[in-house]
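Asker: Okay, sequence plus prediction incoming.
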Amino acid sequence: MRFSAGWCERLCGVFAAALCVSLVGCGVGISANGSLAGGALRGHVHGGQQPIVGASIQLYAAGATGYGSSATPLLSSAVTTDATGSFSITGGYTCPSSTSQLYIVATGGNPGLTPGTNNAASALMTALGPCSLNGGQYTLDPTSFISINEVTTVASVYALSAFMGGDATHVGTSNTNAVGLANSFAIVNNLVNTTSGAALATTPAGNGTAPQAAVNTLGNVLASCVNSTGVGSPCSALFGNATPVGGGTTPTDTIQAIYDIARNPANNVSALYALASATPPFQPTLSPAPNDWMLAVTYSGGSPTGMAIDASGNAWFTNAVYGGPYSVSELNSNGAVLSGTNGYTGGGLTVPTGIAIDPTGNVWVSGTGNVLKLSSTGTILSGANGYTGGGLNKPQGIALDGQGAAWVPDFGSNSVIKLDNNGNILSGASGFSTGASSAPAGVGIDVAGNAWVGNNTAQTVTELSSNGSVISGSGGYPTTGNFSPGMVAFDASGNVWLNTNLTNSQNLNNVMKLSSTGTQLSPAGGYPNCVSPGVVGAYVITCLWWDPDAFAIDGAGNVWGEMALETKENGRVPNPMFYTALSKISNTGTILSPANGFTGQTLLGSGGSSGGAITSTIAIDGGGNVWVLFSAGPVAEFVGAATPVVTPFSLGVKNGTLGQRP
């Protein structure tokens, strides 16, 4: 948030806000969310590097009545760009509140063609963020310059796509997900400098690599239409190739087109890539055409092994290098480090294996023989040695229920240990039994507060009541097709999803779906998330026999998981290379990702035949961003790729919104 304190705010810092609002000139009767006239703004509109003359400028506040709801136009009369593409808004608008999220749109205009030309297909935007108190009024920062071009449009639409209704006038959220929308507005600044209009190579916090070449390439694709009359090719080619497959509506302007590309990133990739001119205005660019049009930001630091997203959209990670040091790291929703150089340490943290967040925001970590609890600011709450006893030996994960109790599947004691929110053992001296010698490897909590435990060696799933009674029978719910369940997750319909921890040809890269009563809904062996694409270029690509160790379910019920592929050069048999990509399947098992998966132009997790970075955790936040954690590599954030989901999961359990869009 850009901020310039006015004299009222400085007085508030001295005398406190309650006194300030009673002072003449400080806004008598204006609450923290009251509205006041906004200040002057200025900027310019360019198509490529060419000023757009006569473009119509409108300032919008995002809607608050639902996803894709109508935004509120703030200017009673749109302003127009001059002969240099410049515009000035002289204060003729009112911020609905200090938390309103604002964006600016430029439509039409002449991109340097014959006088009198108006390209009605040109629509460009820049996400600006919240109003704040500047000079005694709620406004955007009047000292900031605003650039509007194709690159700012790409960054803004991708970041906000989960909240858009498909065009420039429909950007909004529900009244319960203002945090997700605000975080998504902030992510724009990880992709582009909205003052200069240039795509970024490094995020402002300095620890992230932005997809500069991909953003520029998409900007160049849009520029082919923006820098035309808008009639016929290249706009018709852009709109035709951006149209969603299966009867989607053909876009009529460039904002609609890039929205369709963002929501369908595997659609007509090569044809869209070819639309950029031979001398594209934005550099550097991708070469050759990418695998997909996903945009991924990667963040460095630590050796993360587990991940959880809190209610503020912050991402928490466990770090475990062999032999230590061990720590917990926290990034804000924009990827900036909140936990210091070395992360949060102490409290007996040893070889952390799982991390989860309770409904009040406390962070729980399972380690070797103990469980730690940290406050939302990283303070150790579980003493010098963590919570111990009750059979804790070799925990394999952790989940929190709606009351803040922790459930820990323990491989060493072959049981599930339950602790209350203060760390007291509720499951006796040896934990709750899951029925047999089962090697429990994962746990999830449903909206009824029951715990579902994946039994790795028994190839079953056990359902336990909140007091540890077995609901699923002594043997648990069976899974077919030689399936060894590990991770457990739930969709909004209460269906139970499992991964497999067993490598074999029958459950290659698969996930399994059960009803809330344990009936198997997926085929024997589960739904595949990978289909071997065969020969691609000079390489033969096949699906590896790899565990889908990581998957997450978004607010639309789509399953996002790991896809592992092996490549061998055609005609030779050198050491094979493999990489892991991001897969997407529908709630009914249809593969929605391309043959190579989604990579976001990163090919993250690539490595030789002897090893490499494997996906260890996937999580989705309230902005629809997909966070992918690689065990020997960086953290990737796929911007706006999914449908938002309630975080943390325990809050979804508590409020009955598990797996739902917030």
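Answerer: Yep, that arrived. Numbering: from 1, shown residues only.

Asker: How many residues are close by residue 95?
Answerer: 26 (other CB atoms under 10 Å). Quick note: C-beta positions are derived from backbone N, CA and C, even for glycine.

Asker: which one is it nearest to, not counting chain neighbours?
Answerer: Among residues not flanking residue 95 along the chain, residue 131 sits closest, at 3.6 Å (CB to CB, 6 or more residues apart in numbering).

Asker: do the same with residue 381
Answerer: residue 373 (4.5 Å).

Asker: And the lengthiest strand in the chain, how far out from the chain middle?
Answerer: In the chain, assigned by DSSP state E, the strand with the most residues is strand 559-569. Computed by CA atoms, centre = their mean, to the nearest Å, the chain-centroid distance of strand 559-569 equals 20 Å.

Asker: any idea how far residue 175 is from residue 656?
Answerer: Per CB to CB, to the nearest Å, residue 175 is found 17 Å from residue 656.

Asker: Over to residue 479?
Answerer: On the measure of CB to CB, residue 479 and residue 656 end up 27 Å apart.

Asker: Give me the more crowded residue out of the two.
Answerer: When residue 479 and residue 656 are compared for neighbours, residue 479 comes out ahead with 26 against 11, by other CB under 10 Å.

Asker: quick one, what contacts that one?
Answerer: 459-461, 485, 498, 512, 514, 520 (CB atoms under 8 Å, 6 or more residues apart in numbering).

Asker: Can you lay out the residues you listed as a markdown table showing distance to residue 335?
Answerer: Formatted as a markdown table, these follow (distance: CB to CB, whole Å):
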| residue | distance to residue 335 |
| --- | --- |
| 459 | 39 |
| 460 | 40 |
| 461 | 35 |
| 485 | 32 |
| 498 | 31 |
| 512 | 33 |
| 514 | 35 |
| 520 | 39 |
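
Asker: Which two among those residues are spaced furthest apart?
Answerer: Greatest spatial distance in these: 459 and 514, 13.0 Å, computed using CB to CB.

Asker: Settle it for me: which of those two has more neighbours?
Answerer: Comparing residue 459 with residue 514 by other CB under 10 Å, the one with more neighbours is residue 514, at 22 against 19.

Asker: partner residues bridging that one?
Answerer: residue 496, residue 520 (DSSP bridges).

Asker: and it, how far is that from residue 452?
Answerer: 9 Å.

Asker: Spit out the residues that contact these two alike.
Answerer: With CB under 8 Å, 6+ apart as the test, residue 514 and residue 452 both reach 461, 496.

Asker: Quick one: mean pLDDT for stretch 61-73?
Answerer: Per-region confidence: stretch 61-73 scores 97 on mean pLDDT.

Asker: Pull up the distance across that stretch, start to finish.
Answerer: Using CA to CA, to the nearest Å, the end-to-end distance of stretch 61-73 comes to 7 Å.

Asker: correct me, but the residue nearest to residue 95 touches residue 140?
Answerer: Yes. Counting by CB atoms under 8 Å, residue 131 touches residue 140, with 6.1 Å between them.

Asker: More neighbours: these two, which one.
Answerer: Higher neighbour count among residue 131 and residue 140: residue 131, with 28 against 25, using other CB under 10 Å.

Asker: mind listing the strands for the stretch 51-200 of the chain?
Answerer: Here the stretch 51-200 of the chain has its strands, by DSSP state E, counting those that start in this stretch, at 56-61, 72-73, 79-80, 86-90, 94-95, 101-107, 123-130, 132-134, 137-139, 145-148, 192-193, 198-199.

Asker: Report the contact partners of residue 432.
Answerer: Contacts for residue 432 (CB under 8 Å, 6+ apart) come out as 415-418, 464, 468.

Asker: ok, 6 Å please
Answerer: Residues in contact with residue 432 (CB atoms under 6 Å, 6 or more residues apart in numbering) are 415-416, 464, 468.

Asker: Of the contacts of residue 479, which is the nearest to residue 207?
Answerer: The nearest member of the contacts of residue 479 to residue 207, counting by CB to CB, is residue 498 at 34.2 Å.

Asker: What helices and strands are in contact with the helix or strand containing that closest one?
Answerer: Using DSSP states H and E, residue 498 maps to strand 496-500. If you count contacts as 3 or more CB pairs under 6 Å, 6 or more residues apart in numbering; DSSP states H and E, strand 496-500 packs onto strand 485-490, strand 510-514.

Asker: Redo those as JSON lines? Include mean pLDDT and distance to residue 312.
Answerer: Listed next are those as JSON lines, based on pLDDT from 0 to 100; distance: least, CB to CB, whole Å:
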{"stretch": "strand 485-490", "mean pLDDT": "88", "distance to residue 312": "22"}
{"stretch": "strand 510-514", "mean pLDDT": "90", "distance to residue 312": "29"}
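
Asker: Residue 444 is nearest to which of those?
Answerer: Of all the helices and strands packed on strand 496-500, strand 485-490 sits nearest to residue 444, with 3.4 Å by CB to CB.

Asker: Pull up the pairing partners for the closest one, direction included.
Answerer: Here strand 485-490 has these sheet partners by DSSP bridges: strand 496-500 (antiparallel).

Asker: quick one: the strand it pairs with to strand 559-569, angle?
Answerer: 20 degrees (axes from the mean of the first three to the mean of the last three CA atoms, to 10 degrees).

Asker: Give me the distance from strand 496-500 to the chain's centre.
Answerer: Centroid separation for strand 496-500 versus its chain: 21 Å, with CA atoms, centre = their mean.

Asker: So for that strand, mean pLDDT?
Answerer: Summarised as a single mean, pLDDT over strand 496-500 is 88.

Asker: between that strand and strand 510-514, how big is the angle?
Answerer: Going by the same axes, to 10 degrees, strand 496-500 makes 150 degrees with strand 510-514.

Asker: contacting residues around strand 496-500?
Answerer: Under the criterion CB under 6 Å, 6+ apart, residues 452, 454, 483-489, 507, 511-514, 548, 551 lie in contact with strand 496-500.

Asker: Most neighbours among those, please name it.
Answerer: Busiest of those [other CB under 10 Å] is residue 454, holding 34 neighbours.

Asker: Doesn't it lie inside a helix?
Answerer: No. Counting by DSSP: H, G, I helix; E, B strand; the rest coil, residue 454 is located in no helix; its state is strand.

Asker: hey, what's the residue lying closest to it once chain neighbours are set aside bridged with?
Answerer: Leaving aside its sequence neighbours, residue 454 sits nearest to residue 485 (CB to CB, 6+ apart; 3.4 Å). Bridge pairing for residue 485 (DSSP bridges) gives the partners residue 500.

Asker: how close does residue 485 get to residue 497?
Answerer: According to CB to CB, residue 485 and residue 497 sit 10 Å apart.

Asker: count of neighbours near residue 278?
Answerer: Residues within reach of residue 278, counting by other CB under 10 Å, total 4.

Asker: So that it lines up with my notes, have the first residue be 33 from now on.
Answerer: Yep, numbering from 33; the last one is residue 310 now.

Asker: Which secondary structure element is home to it?
Answerer: Here residue 310 is assigned to no helix or strand, by DSSP H and E.

Asker: quick one, what contacts the closest residue to residue 529 other than its chain neighbours?
Answerer: With sequence-adjacent residues excluded and distances taken as CB to CB, 6+ apart, residue 529 is closest to residue 521, at 4.7 Å. Residue 521 makes contact with 476, 529, 585, according to CB under 6 Å, 6+ apart.

Asker: Just the buried residues of stretch 387-394, please?
Answerer: 387-391, 393-394 (16 or more other CB atoms under 10 Å).

Asker: okay, those in JSON lines with pLDDT next?
Answerer: What follows is those, written out as JSON lines (pLDDT from 0 to 100):
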{"residue": "387", "pLDDT": "94"}
{"residue": "388", "pLDDT": "97"}
{"residue": "389", "pLDDT": "98"}
{"residue": "390", "pLDDT": "98"}
{"residue": "391", "pLDDT": "97"}
{"residue": "393", "pLDDT": "97"}
{"residue": "394", "pLDDT": "98"}
